[in-house]
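> Build me a model from this:
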Amino acid sequence: MRQHSKLHKLIIPVIILFLVVITAFGSFYGYWDSASPSKTCSSCHEITSSVEILAESPHRNLACKECHGTAFSNGMHSLKEKGKMIFEHINGRSDEDIRLNEAQILEVMNNCTRCHKTEQARWLSGGHSARYKDIFLNEKHNKTEQLNFDCLRCHGMFSDLNIGELIGPLNTSGPWKIKINSTESNPVIPCLACHQIHLLGSTHQNPDYSNPQNASYNRITHNPVVSFYNRHDKTHIPAENLPLLEVWDCNRPVNVSSDPIMRNCIQCHAPNGKHEAGTSDDRTPRGVHEGFSCTACHDPHSNDARQSCAKCHPAVSHCKLDVTTMNTSYKDRQSPHNIHWVSCTDCHINGRPLNRQKR
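Coordinates of the predicted model:
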């Protein structure tokens, strides 16, 4: 009886202490989860700058947890991650320049899709949703061009591994294998490859409805919400700060659109080191489309250009032909006339027909 009584007396204080700890932790966690970032997240100097930039961005009304989750978002995984951050901060081993690893980038990306469902659906239908296995296990490409460190500049910007640690062997004979199975289905171009979450900007505002004639002229200009993630420097470069491409067609400089979004595109869809038009993965418009921006024809997320002709062309061209049926790569992938640099002289080798010049 005495042992039972002693055990009973011991259990009650333990239960009370446990309840007190749980209540205190729950109250603290509830406060932390709902309070302003200025009183919680940014109180740690390592991420103060990120919080300050967020306060000036289009996402300013979102709480940090909307993108980064909470300590319990992904069970023990997120609890371990948050606990590790606190432990390193307390022990003075935290990094002033905090960067998310690839797994964390993909977690944030999943949260992006809660609001940007349309953009996600378009992205999934286009080429930019390719996975590691789609790119790096492509036998035709690997036999033509050996895998190298520069592949990850565009295909796998956020990879925690270098190309040798990710894929093997690094030769043109193969067979090739992704060494880390868990990365096979990871997207090589996630949202954050072109979009910076913590970016300066402003939300759209309604025009002055009392003076509708000036609604267009007084419209506020918004910078494009795209940026290029530089894997080498591990930082985003806003599209408007990227250089304008200089590309040459023989000895003639090509007129290139100054559209900032196109500047982002050409970081990967670029010519060779000599800036020769049409080399490497260059798609800079020339010929009848010279000066056009990529987005004049391509949807930014799906890359779909199937309805692009109708944006500018009438049903029938000066040649009395429907432009969508002409012998170009728009109609037939195997056509020798690439739609990106098709010219009138590709078909009219002797110049414009006389019976059309009077039109």
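
> Could you use CA atoms for every contact and neighbour count after this?
Fine.

> Show me what counts as buried in whatever helix or strand Ala121 lives in.
Element membership for Ala121, per DSSP states H and E: helix 117-124. In terms of neighbour count (16 or more other CA atoms under 10 Å), helix 117-124 has its buried residues at 120, 122-123.

> What average pLDDT does the helix or strand following that helix get?
Heading C-terminal from helix 117-124, the first helix or strand you meet, by DSSP H and E, is helix 132-136. Across helix 132-136, the average pLDDT comes to 96.

> Just the residues contacting helix 132-136, thanks.
142, 147, 155-156, 167, 176, 178, 183-188 (CA atoms under 8 Å, 6 or more residues apart in numbering).

> what would those look like in TSV with pLDDT and secondary structure?
Shown next, in TSV, are the contacts of helix 132-136 (pLDDT from 0 to 100; DSSP: H, G, I helix; E, B strand; the rest coil):
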residue	pLDDT	secondary structure
Asn142	95	helix
Leu147	94	coil
His155	95	coil
Gly156	94	coil
Ile167	94	strand
Trp176	95	coil
Ile178	95	strand
Thr183	91	helix
Glu184	93	coil
Ser185	94	coil
Asn186	95	coil
Pro187	96	strand
Val188	96	coil
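
> quick one: which of those is nearest Cys347?
Within the contacts of helix 132-136, proximity to Cys347 (CA to CA) peaks at Asn142, which comes in at 35.1 Å.

> Quick one, grab the pLDDT at the spatially closest residue to the closest one that is not a sequence neighbour.
For Asn142, ignoring the flanking residues on the chain, the nearest one in space by CA to CA, 6 or more residues apart in numbering is Thr172 at 5.7 Å. Thr172 is assigned a pLDDT of 94 by the prediction.

> got it, and Lys274?
For Lys274, pLDDT reads 93.

> Check the one 5 residues further on too.
Here, the pLDDT recorded for Thr279 equals 94.

> Run a quick check on it versus Cys250, I expect a contact.
No: contact criterion CA atoms under 8 Å: Thr279 and Cys250 do not qualify, at 11.7 Å.

> So which of those two has more stuff around it?
Between Thr279 and Cys250, counted using other CA atoms under 10 Å, the more crowded position is Thr279 (15 against 9).

> Would you mind listing the residues in contact with that one?
If you count contacts by CA under 8 Å, 6+ apart, then Thr279 has 270-272 around it.

> Among the residues you listed, find me the one that's closest to Gln196.
Among those, and counting by CA to CA, the member closest to Gln196 is Ala270, at 21.5 Å.

> that's a helix at that closest one, yeah?
No: applying DSSP: H, G, I helix; E, B strand; the rest coil, one finds Ala270 to be coil, outside a helix.

> quick one: it and Glu276 touch, right?
No: using CA under 8 Å as the test, Ala270 is too far from Glu276 to be in contact (9.5 Å).

> In this protein, mark out all the strands, start to finish.
In the chain, the strands defined using DSSP state E lie at 167-168, 177-178, 227-230, 235-238, 248-249, 252-253.

> Save these as JSON lines, and put in distance to Tyr132 and mean neighbour count too.
What follows is these, written out as JSON lines (distance: least, CA to CA, whole Å; neighbours: other CA atoms under 10 Å):
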{"stretch": "strand 167-168", "distance to Tyr132": "10", "mean neighbour count": "18"}
{"stretch": "strand 177-178", "distance to Tyr132": "8", "mean neighbour count": "17"}
{"stretch": "strand 227-230", "distance to Tyr132": "18", "mean neighbour count": "22"}
{"stretch": "strand 235-238", "distance to Tyr132": "22", "mean neighbour count": "18"}
{"stretch": "strand 248-249", "distance to Tyr132": "33", "mean neighbour count": "14"}
{"stretch": "strand 252-253", "distance to Tyr132": "36", "mean neighbour count": "11"}
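
> Any chance of TSV for those, columns distance to Asn264?
Converted to TSV, the strands of the chain look like this (distance: least, CA to CA, whole Å):
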stretch	distance to Asn264
strand 167-168	27
strand 177-178	28
strand 227-230	6
strand 235-238	9
strand 248-249	19
strand 252-253	20
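
> Indicate which one of the ones you listed is closest to Asp299.
By CA to CA (comparing all of the strands of the chain), the closest turns out to be strand 227-230, at 16.7 Å.
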